[in-house]
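K.L.:
Turn this into a structure:
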Amino acid sequence: MPLLNTLARRIGLAAAIGLPMLSHAGDRLLATGGVTQIEGAAGGGLMPWAVISGYGTDKQIGGSLFYTHAQTKGDFKLNTTGIAIGAFNRIELSASQARFGLGNTVPGEEIRLNTYGIKLRLVGDAVYDQDSWLPQISAGAQYKYNEDYHFVPKALGAKDRSGIDYYLAASKLFLGAINGYNLLLNANLHASKANQFGILGFGGDRHDSYRILPAVSAAVMLSDNWLVGAEYRDKPNNLSVYKEDSAHDIFMTWFPHRNVSLTGAYIDLGNIANKDNQTGWYLSGQLNY
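P.N.:
Predicted coordinates:
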């Protein structure tokens, strides 16, 4: 928590210093900063997109605050809070903490995972480059630190309490592509050793090296303030004691106000620890600027 609080204070200070120096921020189009994925980056619920958090243009600073609650039928619970700052529609900094309740697997206990992210837009613009097929492409990294590594992850065979995920993301909005509705497509490649996103540590007795893993998503804007889509994200399978499956979701996002979004989703996380077929739901609320 001290690291998370320090980074949050520094990000907040940067925003406080920078915002008065800029024209009023938030001039990008609705939903162009995406929502926030469970590790804190702008994107869908499961995967980062190439977009930069908030509504700031190339002359502005924007950002977002979010809270997510997820629960599966095995009584696993995930609560995540975080902040992201997007500067000049070019770079994004994020910080989040996930608290994963272990349900009746280890009653009354939870695992805390802190994630600190950076994302850089390399080329393209997902929205405004409509005369080109080139997507917006961003590169990112997420440093993850498991505060409770010695409690469960190490006992299961995880090799490290911390690790860095690297990813390359491509996003493109196609205006009126499906019977007049806008279509957003995203594809990622992740380099990761994280077990269950890092909740069960990093590396294991089966694998302890980086693996390149794909993730894809698609979303359709049903109206000016409704977005529906689906995601798939592959994950490593490093621990011989429990199999780890890929993750899927189907989500719907409502933007009741330009600066507010609410997302609900059906999730399928496959096997988690000693429970298989872990389906459930998540709800996420976000404030954007």
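K.L.:
got the contact list for Tyr282?
P.N.:
The neighbours of Tyr282, taking Cβ atoms under 8 Å, 6 or more residues apart in numbering as the test, are 45, 68-71, 78, 249, 263-265, 267. Where you see a C-beta, it was placed from the backbone N, CA and C, and this is true even at glycine.
K.L.:
Strand partners (parallel or antiparallel) of the strand ranked longest in the chain?
P.N.:
Longest strand in the chain by number of residues (criterion: DSSP state E): strand 162-178. Paired with strand 162-178 in the same sheet, following DSSP bridges, are strand 136-146 (antiparallel), strand 181-192 (antiparallel).
K.L.:
so of these, which one's packed in deepest?
P.N.:
Among the strands paired with strand 162-178, ranked by average contacts under mean count of other Cβ atoms under 10 Å, first place goes to strand 136-146 (a mean of 21).
K.L.:
following that one, which helix or strand comes up?
P.N.:
Using DSSP states H and E, the helix or strand that follows strand 136-146 in sequence is helix 153-156.
K.L.:
which one in the contacts of Tyr282 is the model shakiest on?
P.N.:
On pLDDT alone, Gly45 ranks lowest of the contacts of Tyr282, at 86.
K.L.:
can you tell me the helix or strand for it?
P.N.:
Using DSSP H and E, Gly45 sits in no helix or strand.
K.L.:
That one: neighbour count?
P.N.:
Using other Cβ atoms under 10 Å, Gly45 has 26 other residues around it.
K.L.:
one step back: pick the one among the contacts of Tyr282 closest to Gln278.
P.N.:
Ile267 (8.4 Å; Cβ to Cβ).
K.L.:
contacting residues for the closest one?
P.N.:
Here Ile267 is in contact with 45-46, 70, 72, 247-249, 279-282 (criterion: Cβ under 8 Å, 6+ apart).
K.L.:
If the nearest residue to Glu39 once chain neighbours are set aside is in a bridge, with which residues?
P.N.:
Closest residue in space to Glu39, ignoring its immediate chain neighbours: Thr115 at 4.7 Å, by Cβ to Cβ, 6 or more residues apart in numbering. Beta-bridge partners recorded for Thr115 (DSSP bridges): Ser96, Lys144.
K.L.:
so the nearest residue to Asp245 once chain neighbours are set aside is in which element?
P.N.:
Of all residues not flanking Asp245 in the chain, Gly270 sits nearest, at 2.4 Å (Cβ to Cβ, 6+ apart). Counting by DSSP H and E, no helix or strand carries Gly270.
K.L.:
Check whether Gly270 really touches Asp276, as I assumed.
P.N.:
Yes - in this structure Gly270 lies within contact range of Asp276 using Cβ atoms under 8 Å: 7.2 Å.
K.L.:
that older thread, redo the contacts of Tyr282 as a markdown table? Include secondary structure.
P.N.:
Shown next, in a markdown table, are the contacts of Tyr282 (DSSP: H, G, I helix; E, B strand; the rest coil):
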| residue | secondary structure |
| --- | --- |
| Gly45 | coil |
| Thr68 | strand |
| His69 | strand |
| Ala70 | strand |
| Gln71 | strand |
| Leu78 | strand |
| Asp249 | strand |
| Thr263 | strand |
| Gly264 | strand |
| Ala265 | strand |
| Ile267 | strand |
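K.L.:
closest to Thr36 among the residues you listed?
P.N.:
Of all the contacts of Tyr282, Thr68 has the smallest distance to Thr36: 7.4 Å, by Cβ to Cβ.
K.L.:
can you pull up the bridge partners for the closest one?
P.N.:
Note on Thr68: beta-bridge partners Thr80, Ser284, judged by DSSP bridges.
K.L.:
where exactly do the strands run in the stretch 1-150 of the chain?
P.N.:
Assigned by DSSP state E, counting those that start in this stretch, the strands in the stretch 1-150 of the chain fall at 35-36, 42-43, 61-72, 77-87, 91-101, 110-123, 136-146.
K.L.:
Which of those sits closest to Ser192?
P.N.:
strand 136-146 (9.0 Å).
K.L.:
quick one: the closest one to chain centroid distance?
P.N.:
With Cα atoms, centre = their mean, to the nearest Å as the basis, strand 136-146 stands 9 Å off its chain's centre.
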